[in-house]
Each structure stands twice: as structure tokens, then as C-alpha cells.
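Undergrad: here is my input, please return the structure:
(one chain, ligands or ions: 1)
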Amino acid sequence: MRAVACDRYGPPDILRLEDVERPVPKEDEVLVRVHATTVTRTDCGFRRGDPFIGRIVTGLLRPKWKILGTELAGEVEAVGTTVTEFEVGDQVFGINPWKFGTHAEFVCIRERGPLAHKPVDMSFEEAAAVCDGAILALMGLRPAELRKGKRILVHGASGSIGTATVQLAKYFDADVTAVCNTKNVETVRSLRADEVVDYTQEDFTKNGQTYDLIFDAVGKHSFRRCKGSLKRGGIYLATDHLRNVILALWTARIGDKRVVFPIPPRYTKKDVLFLKRLIETRRYLAVIDRCYPLEDVVDATRYVETEQKTGNVVMTVDGGRAR
Ligand SMILES: NC(=O)c1ccc[n+]([C@@H]2O[C@H](COP(=O)([O-])OP(=O)(O)OC[C@H]3O[C@@H](n4cnc5c(N)ncnc54)[C@H](OP(=O)(O)O)[C@@H]3O)[C@@H](O)[C@H]2O)c1
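TA: Below you'll find the predicted structure:
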């Protein structure tokens, strides 16, 4: 099968398409023919081997995982002997965290892992972009116990995690202020944000408004700068930077405002099924910025590394499929 090989750490152009052996499903796995996948910030971090300390997990000298890619949508090609939930030909979507391998024509994934039947009215391209941003957003939102009357500000509301957070916070009935650049204001408004702050025009930390939760969905702000905009008991939710691990431990004991950094990420079938229900009742959609064929993985990766994508970047495998 064709797959994108990543056998050393380095810039995007180390990635190349190769012929490799097709994986064989274990007894509790399904083999999926991938029609669409994505390039995420996680793929980029693992390819760069950055931050360096992370190489303790990802491989000291070269990456442990030779094929990147976590999100997928496709069709079941074969099933292991104990698999009961899926059959050959089923259309599925999900995520293969910590195992990667979806930048390829085929990937094996555990039946009990974060995999579900694809919503019928959704293309493979749309389905491939659902899980990463949304599950990271859910993990962040859970400790805040959002409900009607709670105020949340999402900084970086136009990214993959950000676009998911805005929609999920509205689903939980919170009052949502979204912060983004001028070019993304209309997209973010279309996700039902109550207020949109264009950060090129206004600094939300100086307008006197306060929030129960500030979600730094793109890792470009800091607890120190946001503290004055948090209510008493408020939470600053981090997605990046090791300093936030220390701050999370410190603020759990001291002070009336907390840093929460939900790591390591946990991706579950329960969450994939929850998202599927939201999609089927038209309360969630994955925002897609660009779509590339697998052959253009280097261009797709370079674009993701500009840190300017709006939502998600998809790659189609063998031309994808309409539904
Ligand atoms: N904790 C975890 O397990 C985990 C997993 C994956 C990713 N992450 C981290 O989560 C963060 C978000 O990932 P993502 O995939 O959602 O990001 P993303 O999609 O790449 O974010 C892109 C968006 O970031 C915004 N942006 C760029 N620079 C900005 C700035 N200086 N101020 C405000 N917004 C800015 C851009 O919007 P505008 O043009 O509107 O500014 C762009 O739409 C990253 O830092 C990533 O490393 C964490």
C-alpha cells in the first residue's frame, strides 16, 4: 500500500510517499481503507520531535511511528476474529491516537477504540476532520461544567480546537465570546458565538469583561495576562506550553483562579459517539479550510505549520469518496 513515510525528525520535506506492507488486523482490530485523513498540529509536533523532551516518548534519535496521521474516515476492509461491531464495507470515522498510521491507504484500529459508524449524510472529508479538535475541546470544557449563565472566552477561536470549542460551548448553553483575527470573524460568528472580538482591533484583557472560563485554544496567551479577566473561581484552560503544567499544580493549591491543562489527551469511543449524535442532529460540524491529495502531504504540512489554518486541513487518499 502507499503511505507517507516519516523515518527521521525534520522539516515537512522529509515526508515522502512510499510503498509499504499493508497492516494485518489483530483479532480485536478492524482494517480500514482510508478515504480521508487530516494533518494536525500533533502530526507536525511529532515529525519535528518538538519539544525535545517529548522524544523520551516519541523516540530519542528517530520517531517510533514511521507513518503519521491520527484522524480517519473510510471503509472497513477486513475485521479480526473477535470483532462484532463492524463488518466489511461499513463506513467509519474516528481517531487512532498514540498509534498514528492514517497517512496511508490502510490502517488497523481497535474495535473498542475511538471509532464509530460515519454519519450517513457526511462526506469522508468532513468526517475525517471531526475527532481531534472536538475531543480536545471536550476534554477542556468538562472541568468547567458549562451551563446556561456561564461565560466563556475562546482565544484562537478559528483553529481546529477553537472552532470545536465555540460550537460545543454553545451546545452546553454557555455565553460564548470568541477571539480571532479580522479574516475569521464571519466564520466564527457562523458557529453561533454570542460575541466576536477581533484581536487586531480590541484587547479583551483591557475591556473590563470577566469570564468563568478562558480557553486559550491556540496557546498564544498566558494565565498571567488573562488573570484580570477571570471571575473569582475562574479557570484558564491551556492547550500548550510546559509552564502551564507547573501553573496547574501551583494554582490547584494557591489562589482563587486556576490553570487547567488536560494532558495527556484521552480519546474515547464514547466521545466519538457523542459527536456523531451532535452531527446527526445538526449541532456540530467540522470546519474545513483546505483539502489536499495525499501526494501533496508536504504542501499540506507546510500550510498547517503556518499556524494560520481555519479549522482543519484534510488529505484525501485515492481521491476520497463523496459519501
Ligand atoms: N494538549 C494537547 O494534547 C494538544 C493536542 C493538539 C494540539 N495542541 C495545541 O493546541 C493548539 C491549537 O491547536 P489547533 O490545531 O487548534 O491550532 P490551529 O488550528 O493550527 O490554529 C490556527 C489558528 O490559530 C490562530 N492564531 C495563530 N496565531 C495567533 C495568535 N498570535 N493569536 C491568536 N490566534 C492565533 C489563527 O487564527 P487567526 O488568524 O484568527 O489569528 C488560526 O486560525 C496548538 O498550540 C497545538 O500545539 C495541544
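Undergrad: residue in this structure with the shortest distance to the ligand?
TA: Using C-beta to the nearest ligand atom, the closest approach of the chain to the ligand is made by Gly159 at 2.5 Å. In short, each C-beta sits where N, CA and C put it, glycine included.
Undergrad: what residues does the stretch 51-200 of the chain have near the ligand?
TA: Gly133, Leu136, Gly156, Ser158, Gly159, Ser160, Ile161, Gly162, Cys180, Asn181, Asn184 (C-beta under 6 Å from any ligand atom).
Undergrad: so how far is Lys64 from Arg55?
TA: Per C-beta to C-beta, to the nearest Å, Arg55 is found 10 Å from Lys64.
Undergrad: picking that back up, now, which of the residues of the stretch 51-200 of the chain next to the ligand lie within helices?
TA: Gly133, Leu136, Ser160, Ile161, Gly162 (DSSP state H).
Undergrad: can you give me the helices for the stretch 201-323 of the chain?
TA: Listed in chain order, the helices found in the stretch 201-323 of the chain under DSSP state H, counting those that start in this stretch are 223-226, 243-251, 269-280, 297-304.
Undergrad: which one of these has the most crowded surroundings?
TA: Highest mean neighbour count among the helices of the stretch 201-323 of the chain (mean count of other C-beta atoms under 10 Å): helix 297-304, with a mean of 20.
Undergrad: show me the contact partners of it.
TA: Identification of contacts with helix 297-304 by C-beta atoms under 8 Å, 6 or more residues apart in numbering yields 4, 12-13, 15, 17, 39-41, 43-44, 47, 103, 290, 292, 309, 313, 315.
Undergrad: quick one: average pLDDT of stretch 119-127?
TA: Stretch 119-127 carries an average pLDDT of 96.
Undergrad: coming back round to it: who's more crowded, Arg55 and Lys64?
TA: Arg55 (17 against 11; other C-beta atoms under 10 Å).
Undergrad: does the more buried one really touch Gly45, like I thought?
TA: No - shown here, Arg55 and Gly45 do not form a contact pair, counting by C-beta atoms under 8 Å, at 11.0 Å.
Undergrad: coming back round to it: filter the contacts of helix 297-304 down to the buried ones.
TA: The neighbour-count criterion (16 or more other C-beta atoms under 10 Å) marks 4, 12, 15, 17, 39-41, 43-44, 47, 103, 290, 292, 309, 313, 315 among these as buried.
Undergrad: before we move on, the earlier item: okay if I get the residues of the stretch 51-200 of the chain next to the ligand as JSON lines plus neighbour count and pLDDT?
TA: Listed next are these as JSON lines, based on neighbours: other C-beta atoms under 10 Å; pLDDT from 0 to 100:
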{"residue": "Gly133", "neighbour count": "27", "pLDDT": "97"}
{"residue": "Leu136", "neighbour count": "24", "pLDDT": "96"}
{"residue": "Gly156", "neighbour count": "26", "pLDDT": "97"}
{"residue": "Ser158", "neighbour count": "27", "pLDDT": "97"}
{"residue": "Gly159", "neighbour count": "28", "pLDDT": "97"}
{"residue": "Ser160", "neighbour count": "30", "pLDDT": "98"}
{"residue": "Ile161", "neighbour count": "28", "pLDDT": "98"}
{"residue": "Gly162", "neighbour count": "29", "pLDDT": "98"}
{"residue": "Cys180", "neighbour count": "29", "pLDDT": "97"}
{"residue": "Asn181", "neighbour count": "16", "pLDDT": "96"}
{"residue": "Asn184", "neighbour count": "23", "pLDDT": "97"}
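Undergrad: pull the most distant pair out of the ones in helices among the residues of the stretch 51-200 of the chain next to the ligand.
TA: Leu136 and Gly162 (10.3 Å; C-beta to C-beta).
Undergrad: residues contacting Pro63?
TA: Contacts of Pro63 (C-beta under 8 Å, 6+ apart): Cys6, Asp7, Arg8, Tyr9, Phe46, Arg47, Gly49.
Undergrad: tally of neighbours for the third one?
TA: Taking other C-beta under 10 Å as the neighbour definition, Arg8 ends up with a count of 13.
Undergrad: wouldn't it be in contact with Arg16 here?
TA: No - if you go by C-beta under 8 Å, Arg8 and Arg16 don't touch, sitting 11.2 Å apart.
Undergrad: between these two, which contacts overlap?
TA: Joint contacts of Arg8 and Arg16 (C-beta under 8 Å, 6+ apart) do not exist.
Undergrad: surely Met139 meets Arg266?
TA: Yes - with contacts counted by C-beta under 8 Å, Met139 reaches Arg266, the gap being 6.6 Å.
Undergrad: out of those two, which sits in the busier spot?
TA: Met139 (21 against 13).
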